[in-house]
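In: Have a look; sequence and predicted model below, questions after that.
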Amino acid sequence: MSENPYQPPKARVDDEAASVDGLPYATKGRRFANMLLDTIFYDVCPIVLGLVLGVLGLGQAVTQMNGLEQLLLGWSLFTAYYLVQEGLWGVTLGKLITGTRVIGEGGPAPAFRQILGRTLARLVPFEPFSFLGSRPTGWHDRWSGTKVVLVRGSR
């Protein structure tokens, strides 16, 4: 008897490598969407801070900062954006929209030190390019011992 050409292939899929606690790893496409969305939301933070400082009459404090002070303020806002959201809830606004979340390599919620390491690793120049390999993980995942998994949406 001949084989059915419409039968699905009989390839072995290693589920252990593709998931943690039954949750599949987020794809590169979702990770890219996370980055874009979080960049948009993060870019709104200085605007909101400027409005609040302006209402409080402290708007000139930021405009009188030198370049280094502005850079440090930007890094502080960036760090706070990720630390607060991922540290408290395991998601950023971008991850919430795309249905992904951060977990530790073993599956539980990551420790604060892992979130801190993950956040600081994002400050490394060219870190976004670490996703160009075949793995859907970046340096900030590997160095901190965390993973981003899909918690809702198509699996």
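Out: Ah, there it is. Residues are numbered from 1 along each chain as shown.
In: Quick one: residues contacting the closest residue to residue 138 other than its chain neighbours.
Out: Leaving out its chain neighbours, the residue that sits closest to residue 138 by Cβ to Cβ, 6 or more residues apart in numbering is residue 130, at 4.4 Å. Any C-beta I mention is one placed from the backbone N, CA and C, and that applies to glycine too. The neighbours of residue 130, taking Cβ atoms under 8 Å, 6 or more residues apart in numbering as the test, are 137, 138, 139, 140, 142.
In: Distance of the fourth one relative to residue 124?
Out: In this case it means residue 140. Computed as Cβ to Cβ, to the nearest Å, the residue 140 to residue 124 distance reads 8 Å.
In: Between these two, which is the more surrounded one?
Out: Higher neighbour count among residue 140 and residue 124: residue 140, with 23 against 13, using other Cβ atoms under 10 Å.
In: The nearest residue to that one once chain neighbours are set aside: what's it in contact with?
Out: Nearest residue to residue 140, sequence neighbours excluded (Cβ to Cβ, 6+ apart): residue 121, at 3.8 Å. With contacts defined as Cβ under 8 Å, 6+ apart, residue 121 is in contact with 127, 139, 140, 143, 144.
In: Please tell me how far residue 121 sits from residue 47.
Out: Remark: distance between residue 121 and residue 47 (Cβ to Cβ) = 26 Å.
In: before we move on, what about residue 86?
Out: Residue 86 is 22 Å from residue 47, by Cβ to Cβ.
In: Can you show me the strands along this structure?
Out: Using DSSP state E, the strands of the chain run over 19-20, 23-24, 100-104, 146-150.
In: Just the mean pLDDT for the last one, thanks.
Out: Just to be clear, that refers to strand 146-150. Strand 146-150 shows a mean pLDDT of 93.
In: Okay, buried residues for that strand please.
Out: Going by neighbour count (16 or more other Cβ atoms under 10 Å), the buried part of strand 146-150 is 146, 147, 148, 149, 150.
In: shaky segments in the protein?
Out: Counting by pLDDT under 70, the chain shows low-confidence ranges at 1, 7-21, 154-155.
In: wait, isn't residue 46 in contact with residue 75?
Out: No. Judged on Cβ atoms under 8 Å, residue 46 makes no contact with residue 75 at a distance of 11.8 Å.
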